[in-house]
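J.: this one's sequence-less:
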């Protein structure tokens, strides 16, 4: 409870080392990420099983996020290894060129629609924007360019179009197979790469449900079109991720800070969870401490209201995965001590279509003005706790539920702490008293603390319809 912002850590070879996964969970990882861009289904299964076992041994509810590769557009290979592109030189991207026969003049591209998607004057970016090309002309399968910003170019590097506009669909044939694998693993979250509209998220949800699962969907905002269609994507998603790698390449570095703040703000206003990701502590892939710039980057995301911050290569392949989590935890906790802006206060004057949302807002208001020790949501789906967390109060929200899947989902929600709990009866005083006793026995609250408790009179999502104020009793 000393940290409200959640931490997502990517698994990989570094976390496969004996004892590392257990140490990551002890260090405070809330959700682990399986990057389906790398590794076999068998590796993902082994890692997922290890997470479940390690979390159970630690008495923690740790979520698992499966991250789909999506249509990552890449160049092909070179005949003689990496090449050097010089500014002003001609360089051709050819969708029909042999896969491993690239030179300093021409290279193949594993995206047949590229000639249809670009025209003279467009700018193409290679290797995360380190190399910049200007399209001179399109001829058949060839996109003939001039190098504006050169550098070394190796095989299989990514390709983006400045400003967006590539027509590749968000879900590839391989993604469809990965969804079946992810559902089979029982993952809690499914991240969709490169969605452009809400329809992309609808399709992913349909595919997951057809495979027999209901993971919460994470929309990775990494295309300029996704920024334009953010409201539509938010409606069809449970969570959004500020995926700053490809997004920064497409919209340009000057626009990225403002867009990150906009995504976080709009996600919160839409009652969606938000993850901030990509190169947050990149130096810790090799170094034991972060740079001051990285400290400020993480802290600013926290103060902007992000629910979670994510580590990628830092934990997957880095030399110091546990130190990276520990450092990120300290930075988050430090940033949270600053006075947060009063977000969404205007919602206290709003009319709510749902009774459970109105109860959630009333609980937050009451807790703020009565100096309550904690807010307690007896919840089935966890949505009541999510609504409470959007108000960004420093008062902890305990999500008490009998459902393991709900507890793991709450592991990603800022300021919310999942607790296993099944009341002996649903009547108000019995359930509320038992909930308070449960929290007291676990040391989360003390006798005499004031609690604001919300619950429903029947089991089932959306049933929260009452609120009680009580003090934690002595004994059981």
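T.: Everything's here; your move. Just so we're clear, the structure is a prediction, and the values are computed from it rather than from any experiment.

J.: right, and the secondary structure at residue 125 would be what?
T.: Assigned by DSSP: H, G, I helix; E, B strand; the rest coil, the conformation of residue 125 is strand.

J.: which residue packs closest to it, ignoring adjacent ones?
T.: Using C-beta to C-beta, 6 or more residues apart in numbering and skipping the chain neighbours, the partner closest in space to residue 125 is residue 160 (4.6 Å). Where C-beta positions appear, they are placed from N, C-alpha and C, glycine not excepted.

J.: So the one you found versus residue 279, what's the distance?
T.: 16 Å (C-beta to C-beta, to the nearest Å).

J.: Comparing those two, which shows the higher neighbour count?
T.: residue 160 (26 against 17; other C-beta atoms under 10 Å).

J.: Wait, the more buried one touches residue 73, no?
T.: Yes: contact criterion C-beta atoms under 8 Å: residue 160 and residue 73 qualify, at 7.4 Å.

J.: shared neighbours of the two, which are they?
T.: Residues within reach of residue 160 and of residue 73 at once, by C-beta atoms under 8 Å, 6 or more residues apart in numbering, are residue 166.

J.: Now do the same contact list for residue 378.
T.: By C-beta under 8 Å, 6+ apart, the contact set of residue 378 is 400, 401, 421, 423, 431, 435, 453, 454, 455, 456, 464.

J.: Show me where the stretch 251-400 of the chain has its strands.
T.: 273-277, 308-311, 374-378, 397-401 (DSSP state E, counting those that start in this stretch).

J.: Let me have those strands in a markdown table, adding distance to residue 94 and mean pLDDT as columns.
T.: Output for the strands of the stretch 251-400 of the chain, formatted as a markdown table (distance: least, C-beta to C-beta, whole Å; pLDDT from 0 to 100):
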| stretch | distance to residue 94 | mean pLDDT |
| --- | --- | --- |
| strand 273-277 | 33 | 98 |
| strand 308-311 | 36 | 98 |
| strand 374-378 | 57 | 96 |
| strand 397-401 | 54 | 96 |
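
J.: Pipe the ones you listed into TSV and attach distance to residue 56 per row.
T.: Converted to TSV, the strands of the stretch 251-400 of the chain look like this (distance: least, C-beta to C-beta, whole Å):
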stretch	distance to residue 56
strand 273-277	24
strand 308-311	22
strand 374-378	23
strand 397-401	17
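
J.: gap between the closest residue to residue 283 other than its chain neighbours and residue 437?
T.: Once flanking residues are discounted, residue 283 sits nearest to residue 291: 5.1 Å by C-beta to C-beta, 6+ apart. According to C-beta to C-beta, residue 291 and residue 437 sit 47 Å apart.

J.: more neighbours, those two?
T.: Using other C-beta under 10 Å as the criterion, residue 291 and residue 437 rank with residue 437 on top: 17 against 13.

J.: where does the more buried one fall, phi/psi-wise?
T.: phi -70, psi -40 (degrees, to the nearest 10).

J.: how near is it to residue 419?
T.: Using C-beta to C-beta, residue 437 is found at 12 Å from residue 419.

J.: Can you name the element that comes right after the one helix or strand the residue nearest to residue 125 maps to?
T.: Assigned by DSSP states H and E, residue 160 belongs to strand 159-161. Of the helices and strands lying after strand 159-161 in sequence (DSSP H and E), the nearest is helix 173-185.

J.: just to confirm, which helix or strand has residue 418 in it?
T.: Per DSSP H and E: strand 416-420 holds residue 418.

J.: for residue 96, what are its contacts?
T.: Applying C-beta under 8 Å, 6+ apart, the residues contacting residue 96 are 108, 140, 141, 142.

J.: again, only this time at 10 Å
T.: By C-beta atoms under 10 Å, 6 or more residues apart in numbering, residue 96 lies in contact with 108, 109, 112, 115, 140, 141, 142.

J.: Do you know the pLDDT at the residue nearest to residue 125?
T.: Here, the pLDDT recorded for residue 160 equals 94.

J.: Equivalent analysis for residue 347, please.
T.: 57.

J.: got it, and residue 1?
T.: Predicted confidence (pLDDT) for residue 1: 62.

J.: what about the residue nearest to residue 456 when sequence neighbours are not counted, how many neighbours?
T.: Computed as C-beta to C-beta, 6+ apart, the closest residue to residue 456 that is not its neighbour in sequence is residue 463, at 3.1 Å. Residues near residue 463, counting by other C-beta under 10 Å, number 19.

J.: Which residues are in contact with residue 463?
T.: Contacts for residue 463 (C-beta under 10 Å, 6+ apart) come out as 355, 356, 378, 379, 380, 381, 384, 426, 455, 456, 457.

J.: Same list, those, but as a markdown table with distance to residue 407 please.
T.: Listed next are these as a markdown table, based on distance: C-beta to C-beta, whole Å:
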| residue | distance to residue 407 |
| --- | --- |
| 355 | 24 |
| 356 | 19 |
| 378 | 13 |
| 379 | 10 |
| 380 | 11 |
| 381 | 11 |
| 384 | 14 |
| 426 | 19 |
| 455 | 17 |
| 456 | 17 |
| 457 | 22 |
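
J.: what's the lowest-pLDDT member of these?
T.: Model confidence across those bottoms out at residue 426, which has 72.

J.: Now do the contacts for the closest residue in space to it that isn't next to it in sequence.
T.: Excluding its sequence neighbours, the residue lying closest to residue 426 (C-beta to C-beta, 6+ apart) is residue 457, at 6.2 Å. Counting by C-beta under 10 Å, 6+ apart, residue 457 makes contact with 426, 427, 428, 431, 463, 464, 465, 466.

J.: Identify the residue nearest the geometric centre of the chain.
T.: Centrality entry for the chain: nearest residue to the mean C-alpha point is residue 275, 3.8 Å, by C-alpha atoms, centre = their mean.

J.: so how far is residue 356 from that residue?
T.: 25 Å.

J.: ok, the nearest residue to residue 395 once chain neighbours are set aside - how many residues close by?
T.: The spatially closest residue to residue 395, leaving aside those adjacent along the chain, is residue 367, at 5.0 Å (C-beta to C-beta, 6+ apart). As a burial measure, residue 367 scores 25 neighbours (other C-beta under 10 Å).

J.: And the pLDDT for residue 367?
T.: 94.

J.: I'd guessed it sits against residue 373; true?
T.: Yes: using C-beta atoms under 10 Å, residue 367 makes contact with residue 373 at a distance of 8.8 Å.

J.: Have a look at the protein and report its longest helix.
T.: The longest helix of the chain (DSSP state H) is helix 41-58.

J.: Need the mean per-residue confidence for that helix.
T.: Helix 41-58 comes out at a mean pLDDT of 97.

J.: after it, next one along is what?
T.: strand 63-67.

J.: how big is the angle separating that next one from strand 273-277?
T.: Taking axes from the mean of the first three to the mean of the last three C-alpha atoms, to 10 degrees, one finds strand 63-67 and strand 273-277 inclined to each other by 60 degrees.

J.: coming back round to it: partners of the residue nearest to the centre of the chain in the sheet?
T.: Taking DSSP bridges as the rule, residue 275 bridges to residue 241, residue 308.

J.: and it, what does it touch?
T.: For residue 275, the contact set (C-beta under 10 Å, 6+ apart) comprises 6, 8, 31, 33, 65, 189, 191, 218, 220, 239-243, 264, 267, 301, 306-310, 412.
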